[in-house]
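Participant: Give me a 3D structure for the following:
(one chain, ligands or ions: 1)
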Amino acid sequence: MQTQHHRQTFSFELFPPKTEKGFGNLKKTVQELQNLQPAFFSVTYGAGGSTQQRTFDTVGWLSGEEITVAPHLSCIGAVRNEIIEILERYRSQGIRRLVALRGDLPSGAGLGGPGELDHANQLVALIRDSFGDHFHIEVAAYPEFHPQADSPERDLIHFKRKVEAGANSAITQYFYNADAYFRFIDDCQRLRIDIPIVPGIMPITNFIQLARFSDACGAELPRWLRKRLEGFGDDLPAIRSYGADTVTALCERLLEGGAPGLHFYTMNQATPSLDIWQTLGL
Ligand code: FAD
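Facilitator: Reported below is the predicted structural model:
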């Protein structure tokens, strides 16, 4: 098993809230997590116009508070000029880090539309061509492979293309099988991919939500975990306690095995990530 030799980076992912109440909750979450001095907060980006505006608003608020923020930006369905305009705005707000993604079209949208970029490697190349080294570019990685991948080997080659196009580091899809991550790192090293690949960590607080979310984004919930969580029925405290133990043990193994940090999918809640962080003694 190979270990990565990069400095560790700890970060938190947020989604842009839909309501005033959600925004109030986000502010509280950010305040609590900011005490931990993470490297950055990232903010997800959706497919629709109003969702995108919420990302811009959330990013604008965070950067106005002088909090280091890394907006996600997806390219599917978008045209180059739009992307460049967004990036110019981010640059003028002092943003130096991005998470560059292909994204997914809303179900039923088909693959037509005006989009000029089909894959994340093209977005990374566009950012580098237009903005040089201004942005630190994160890309997505899939230790258990992307659901649409032709084959594991092709998926790795496509991942390498993003690195060759100029990605500085990667954040993984969440997973609960540490061995899949370590195997992925070995495969990357075999292909001479040498950027930090930070595990994405999804705390477990609610089985039904987690199962629904995993089905939607194609993340793998192993049967042992599904069965255990199902077994707790609607006993939420038991799910939270088992979930915290399981995810903390996963993080411990990842860090001991040389993972270059952790990126928490907070779902805009501070406590589950805070609990794990404190138990890990970070
Ligand atoms: P790509 O790297 O383009 O890969 C997508 C698929 O195409 C893979 O199967 C790959 O093997 C294949 N492929 C890649 N390049 C090529 C090529 N050049 N030729 C042929 N095939 C190729 N989604 C959102 O909508 N908003 C978000 O904010 C968001 N944040 C995310 C954050 C993280 C950390 C992760 C892991 C995912 C996130 N996603 C988000 C989900 C992501 O958009 C989807 O998983 C999407 O399906 C793939 O995006 P990608 O950037 O990995 O795509």
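Participant: Could you use CA atoms for every contact and neighbour count after this?
Facilitator: OK.
Participant: Which residues of this protein lie near the ligand?
Facilitator: 44-46, 72, 101-104, 119-120, 140-141, 146, 148-149, 155, 158, 171-173 (CA under 6 Å from any ligand atom).
Participant: Using ChimeraX, define a selection of the buried residues within the residues you listed.
Facilitator: Restricted to buried positions by 16 or more other CA atoms under 10 Å, the ChimeraX selection for the residues of the chain next to the ligand reads:
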select :44,45,46,72,101,102,103,119,120,140,141,146,155,158,171,172,173
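Participant: Next step: the residues of the chain next to the ligand restricted to strands.
Facilitator: His72, Leu101, Ala140, Ala141, Ile171, Thr172, Gln173 (DSSP state E).
Participant: quick one: the strands in the protein?
Facilitator: 9-14, 40-43, 69-74, 97-101, 136-141, 169-174, 197-201, 261-265.
Participant: Take those and write them to a markdown table, including mean pLDDT and distance to Asp245.
Facilitator: Formatted as a markdown table, the strands of the chain follow (pLDDT from 0 to 100; distance: least, CA to CA, whole Å):
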| stretch | mean pLDDT | distance to Asp245 |
| --- | --- | --- |
| strand 9-14 | 97 | 19 |
| strand 40-43 | 98 | 24 |
| strand 69-74 | 98 | 29 |
| strand 97-101 | 98 | 29 |
| strand 136-141 | 98 | 25 |
| strand 169-174 | 98 | 16 |
| strand 197-201 | 98 | 13 |
| strand 261-265 | 98 | 15 |
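Participant: need those strands in JSON lines with distance to Arg80, can you?
Facilitator: What follows is these, written out as JSON lines (distance: least, CA to CA, whole Å):
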{"stretch": "strand 9-14", "distance to Arg80": "26"}
{"stretch": "strand 40-43", "distance to Arg80": "21"}
{"stretch": "strand 69-74", "distance to Arg80": "11"}
{"stretch": "strand 97-101", "distance to Arg80": "14"}
{"stretch": "strand 136-141", "distance to Arg80": "17"}
{"stretch": "strand 169-174", "distance to Arg80": "23"}
{"stretch": "strand 197-201", "distance to Arg80": "27"}
{"stretch": "strand 261-265", "distance to Arg80": "29"}
